[in-house]
Each structure stands twice: as structure tokens, then as C-alpha cells.
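J.: need a structure here:
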Amino acid sequence: GTVVEVGDLGVTVDIGHECAGVIARDELIGPLGTFDTEVGHQFDVYVQREIAGGVELSKEMADRLKLWDQVAAAAKAGAPVDGTILGRIKGGLVVDIGLKAFLPGSQVDVRPTRNVEQFFGKSYRFKIIRFDRKRGNAVVSRRELLDAERAGMKEETLEKLEVGATVSGVVKNLTDFGCFVDLG
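T.: Prediction:
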């Protein structure tokens, strides 16, 4: 739609319908409390319901539906999404991927991590492992991407190894029968 009028309570938007639609002004206030919508601005809107003389619109709902479409496309393609870990909840962490997603504690890293606070506020890539648009929830994994990355590194390392070659590594564990060395 295209903004045709900016009022004190709402914004009138032409959506190519018989009548114009209205969006509540508070839906268009930015994160810093600014209102910068002007006549001529264009954006996607969602038709919520018909009202006398027009339709009630929502930009927030349109944005949310677009986000869910992006999540569905990323999940279907197995493509990673960027997100920021916001905090802890029962059983895991909350991640902002444009919408709030759940990161189970077992999927934070390749090994169990006691100090999850070290991840707060940091951005990572995640794989969407499950989502339900109707319930409004998504579950993501960082571990699956890390495992895939490690598998690629392992394959690359094994291709380079030759009998009799001298390589550098880090001793990870000593046992009675030898030691375990991480070669990358």
C-alpha cells in the first residue's frame, strides 16, 4: 500500500481496494520512538478486517507473516539463519532470528556447556530444526552447523594425511594404550 494521509490517530493507506485502509499510528513508531511515516511511503500491509468506510490494516502482521515465510523457506532449504542469543529460559536459550526462537541446551555447542552466559548478546548462525507457524514457535540448533563444519574439516584433514607424514596436533587425552591427538 501507499500512504495517502497521516493523521493524529492513524495512517490512511491506499491498497488498490474500493476504499482506503487505516493503520494505527502506534504500529508505525520505530524502535527509538520516532515516527517517520510520510505521504507516499510504501510498505506491505495485512488486511485485518473491514470497518465502516474502509479496512483495518496492520503493518506488524504483514512483517510477521513475511518473517514466517522466510523461516519456512530457510527450514525447507536447510539454509542457516543469523540470530542473536538473548537469554536463558527453562531447557535452553532464547534466540532472536527476526522472531523469538528456542535453542535447546543440548544444541548450543558440540559439547555440553555449563556457562551459557558466555553466549548472551552474541550473534551466531543457526539451523532451523522445527517450526510451527500456527503456534508461533521455532526451534533452532547451532550444534548441527558446528557438527557439519567439523565433519568437513575432518574430511579435509584425512585427505591430506599420508603414511609417514609429520603433522602438528594437540594432545587431548592420555590412556594406558596411547594418546588421542586432535589434528584439526
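J.: list the contacts for the residue nearest the centre of the chain?
T.: Centrality entry for the chain: nearest residue to the mean C-alpha point is Ile97, 1.8 Å, by C-alpha atoms, centre = their mean. The contact partners of Ile97, taken as C-beta atoms under 8 Å, 6 or more residues apart in numbering, are Val71, Val81, Asp82, Gly83, Phe126, Ile128, Ala138, Val140. Glycine gets a C-beta too; all of them are placed from N, C-alpha and C.
J.: repeat for Thr2
T.: Val13, Asp14, Gly40, His41, Gln42.
J.: Filter those residues down to the ones in strands?
T.: Under the assignment DSSP state E, the contacts of Thr2 contribute Val13, Asp14 to strands.
J.: quick one: which of the contacts of Thr2 has the most company?
T.: Within those, most neighbours by other C-beta atoms under 10 Å means Val13, with 24 neighbours.
J.: can you give me the strands for this protein?
T.: Under DSSP E, the chain gives strands at 2-6, 10-14, 21-24, 46-51, 54-58, 81-89, 92-96, 100-104, 123-132, 137-141, 170-175, 178-182.
J.: which one of those lies closest to Ala75?
T.: strand 123-132 (4.1 Å; C-beta to C-beta).
J.: which strands and helices sit next to that closest one?
T.: Here strand 123-132 touches helix 59-77, strand 81-89, strand 100-104, strand 137-141, helix 143-160, going by 3 or more C-beta pairs under 8 Å, 6 or more residues apart in numbering; DSSP states H and E.
J.: Tell me which strands it pairs with, and in which orientation.
T.: Strand 123-132 pairs in its sheet with strand 81-89 (antiparallel), strand 137-141 (antiparallel), by DSSP bridges.
J.: Now that strand: buried residues?
T.: Tyr124, Phe126, Lys127, Ile128, Ile129, Phe131 (16 or more other C-beta atoms under 10 Å).
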